[in-house]
Every structure is written in C-alpha cells, then in structure tokens.
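In: Below: sequence and its predicted model.
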Amino acid sequence: MCFTQSLFSQQDTIKSNVEIINTDSIARNAWYIEIMGNTWSYSFNYDRAFLIFPTIFSDYTSIFGRIGLGINLYPGHVPLPVLLLINFGKIHRVEFGLGFYYDYLPNGWSEGLNYPRNKIKWILNIGYRYQKLGGGFVCRAGFTPIFYSGGYYHFGGVSFGYAW
C-alpha cells in the first residue's frame, strides 16, 4: 500500500514539474561560429530546439536540429554539416549529436593531399554547452569524430554565439 501511494505521489510530482516548464520563455534558436569541430575548419551554424521536455536525466531536455556552412582553409572546399542534437541540463548542458556533412570538393582539389574524397561524412558530437534558458551568450566545446568509408578523424571544437 505504501509503495502504491509513493508511486502515485511521484507521478503527481512529475506531472506538476511538467506544468512548471514554460517553454515560451526558453530560447529555441541559436547561431554560433565553430572553430574546428564538425567541418575541420570554421563553420557558421544555426540550430533550433524542436522539443523541450523533462526526462529522468534532467528537467530540461532539448532536441535540436542544426545546419551549418563551413569555410575551409583550402579554396573551393565547402562542407555543409547537418545534425540532430540532444541536450540535458538547464544552463550547463551535456550535448550529444549525430549527423552528416556534405563535403563539396572541386575536381582536382585534393591532389597531393591526404584527404578523403567521400562526399558524405558522418559526424558524432559529444560535448558541453553553456546557454541560459532565456537566451544570450552560447558557448560550446566538444569532441567530434568524423567517419568516412576509409576510416575516421577525431577532432575537438569550440563554438561561440548567441541564442534567442
């Protein structure tokens, strides 16, 4: 009987926590500049939170979609990253992501370079994100291995930007 009462009171608490979250006041959009990371160079990125909900890991769990435009140190090389991200936390967040990037390489671009010619490369993202609920400054740091048919490269990256 006590276990049943405890179970129902726990469900009420979870339900009341869900009602406390006012998603209208939470920043859902962010832009940032990433150095290294997903494109091995520099990229300008935009992400949007599609879902914000409580889980057993955090009262604030967010699922984001991300798209970017990379600028490489080599002329003509334009990487375009697309990712799905999940964040756990209110301000200091743990971030996981999975995605790919289309790697535009002009003909003859990588001759003499040890660079994979695959157009699609797969991305894994594991990192930290600082972003207040209401928006403002965004800072990210993470480990971003990139996989292609011949192997993988592992990189880290940092990002700075603004959320609203």
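Out: Arrived safely, thanks for sending.
In: Okay, now the unreliable bits of the protein?
Out: Applying pLDDT under 70 to the chain flags residues 1-22, 74-75, 108-117.
In: let's go with 80 and repeat that
Out: Applying pLDDT under 80 to the predicted model, the residue ranges of the chain that meet it are 1-24, 40, 72-77, 104-118.
In: Report whether the expected contact of residue 60 with residue 94 is present.
Out: No - counting by C-beta atoms under 8 Å, no contact exists between residue 60 and residue 94, whose distance comes to 11.3 Å. Placement of C-beta: from N, CA and C, glycine included.
In: tell me, what's touching these two both at once?
Out: A shared contact of residue 60 and residue 94, defined by C-beta atoms under 8 Å, 6 or more residues apart in numbering, is any residue touching both; here these are 87, 88.
In: In terms of neighbours, single out the busier of these two.
Out: A direct count of neighbours by other C-beta atoms under 10 Å for residue 60 and residue 94 places residue 60 higher, at 19 against 15.
In: excluding its backbone neighbours, what's nearest that one?
Out: The spatial neighbour of residue 60 that comes closest, neighbours along the chain excluded (C-beta to C-beta, 6 or more residues apart in numbering), is residue 90 at 4.8 Å.
In: same question, residue 137
Out: Here the residue nearest residue 137, using C-beta to C-beta, 6+ apart, is residue 162, at 6.6 Å.
In: Kindly tell me how buried that neighbour is, as a neighbour count.
Out: The tally of other residues near residue 162 (other C-beta under 10 Å) stands at 14.
In: what does the helix or strand it falls within rub up against?
Out: Taking DSSP states H and E as the definition, one finds residue 162 inside strand 151-163. If you take C-beta under 8 Å, 6+ apart as the criterion, strand 151-163 is touched by 27, 29-38, 40, 45, 116, 131-132, 135-146.
In: In the protein, mark out all the helices, start to finish.
Out: For the chain, the helices identified by DSSP state H occupy 2-20, in order along the chain.
In: Would you check that the residue nearest to residue 60 makes contact with residue 62?
Out: No - Residue 90 sits out of contact with residue 62 when judged by C-beta under 8 Å, with a separation of 10.2 Å.
In: Please identify which of the two sits among more neighbours.
Out: residue 62 (25 against 13).
In: mind listing the strands in this protein by residue range?
Out: When secondary structure is read from DSSP state E, the chain shows strands at 29-36, 41-53, 61-71, 78-88, 92-104, 120-131, 136-148, 151-163.
In: who does the fourth one touch, helix- and strand-wise?
Out: When you say that, I think you mean strand 78-88. The contact analysis (3 or more C-beta pairs under 8 Å, 6 or more residues apart in numbering; DSSP states H and E) places strand 78-88 against strand 41-53, strand 61-71, strand 92-104, strand 120-131.
In: Since that was my last question, I'll sign off now.
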